[in-house]
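Colleague: what's the 3D shape of this:
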Amino acid sequence: GVLGSIGSGKSTLVNCLNHHLAVEQGQIFWGDEDITTISRRDWRRYVRTITQDPYLFSDTIAENVKFGAKRNVQSVSDTDVDAVLSLSQLSDDVQRFGEGVETLVGEKGIMLSGGQKQRLSIARALLTPSDLIIMDNVLSAVDYETERSILKGVFARIENQSLLVVSHRISALEYMDKILVLEQGEIIAEGSHEALLKDSEYYRETWELQQHSASSQPADTGT
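Modeller: Sure thing, here's the model as predicted:
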């Protein structure tokens, strides 16, 4: 997990890991291999990033999910699509739509709420395996309970895969094996949720503040 406020360097870190930004040699390694020696096209086979503002096509929900399968789309079944929609906590919403998974989402997903767009992008990323999934602040538009349910679904799906969750909400990070705390581009603390509550004043104060506000947070109603 990576925690940090606005301007702490979270987006820059993600864009470096994505290879979207030019990175100098000797900075980021995939195992023993420097990522600067890997083409961006090949890198996409290893790393899948779910962004806060996903791009959706003016197509059906099912086809937007299948886009994550890329060249293996013919091997994707309706059951596979239903499974990842369930894991991303979008199944109930889809069932309420008149056409189900064949519902058209409109240009850039205009027919969906912010939370529904984010959950659809998570379903897309989970459809086919990748070595590393980066979730870049993608749970910001859902309530805390939905957030926990989604993360449990992701954990159940990504056996033998790595997960990096970037967030300003500690509730999205507390079950991570390791959390990095960023401030002004530097790591100011690292450890498990329990260790950081004990050892990091910044982390502890952020957690307590967010705990107070969690009970009054409105849920994403899908409208």
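Colleague: middle-most residue in this structure, spatially?
Modeller: Here the mean C-alpha position of the chain is nearest to the C-alpha of residue 135 (C-alpha atoms, centre = their mean), at a distance of 2.2 Å.
Colleague: In a helix, that one, correct?
Modeller: No - assessed with DSSP: H, G, I helix; E, B strand; the rest coil, residue 135 is strand; it does not lie in a helix.
Colleague: So what sits opposite it in the bridge?
Modeller: Beta-bridge pairing of residue 135 under DSSP bridges involves residue 50, residue 165.
Colleague: Now for it: which residues touch it?
Modeller: Under the criterion of C-beta atoms under 8 Å, 6 or more residues apart in numbering, the neighbours of residue 135 are 50, 122, 154, 163, 164, 165, 166, 167. Where you see a C-beta, it was placed from the backbone N, CA and C, and this is true even at glycine.
Colleague: Now that we have those residues, can you turn them into JSON lines and tack on distance to residue 29, neighbour count and pLDDT?
Modeller: Output for the contacts of residue 135, formatted as JSON lines (distance: C-beta to C-beta, whole Å; neighbours: other C-beta atoms under 10 Å; pLDDT from 0 to 100):
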{"residue": "50", "distance to residue 29": "23", "neighbour count": "24", "pLDDT": "87"}
{"residue": "122", "distance to residue 29": "27", "neighbour count": "30", "pLDDT": "89"}
{"residue": "154", "distance to residue 29": "25", "neighbour count": "20", "pLDDT": "85"}
{"residue": "163", "distance to residue 29": "18", "neighbour count": "16", "pLDDT": "92"}
{"residue": "164", "distance to residue 29": "15", "neighbour count": "18", "pLDDT": "94"}
{"residue": "165", "distance to residue 29": "21", "neighbour count": "23", "pLDDT": "93"}
{"residue": "166", "distance to residue 29": "19", "neighbour count": "25", "pLDDT": "93"}
{"residue": "167", "distance to residue 29": "24", "neighbour count": "22", "pLDDT": "90"}
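Colleague: Specify which member of the residues you listed is nearest to residue 62.
Modeller: Residue 62 has its nearest neighbour among the contacts of residue 135 in residue 122, at 15.2 Å by C-beta to C-beta.
Colleague: so the closest one sits right up against residue 154, yeah?
Modeller: Yes - between residue 122 and residue 154 there is a contact under C-beta atoms under 8 Å: 7.1 Å.
Colleague: shared neighbours of the two, anything?
Modeller: Common neighbours of residue 122 and residue 154 (C-beta under 8 Å, 6+ apart) are 87, 135.
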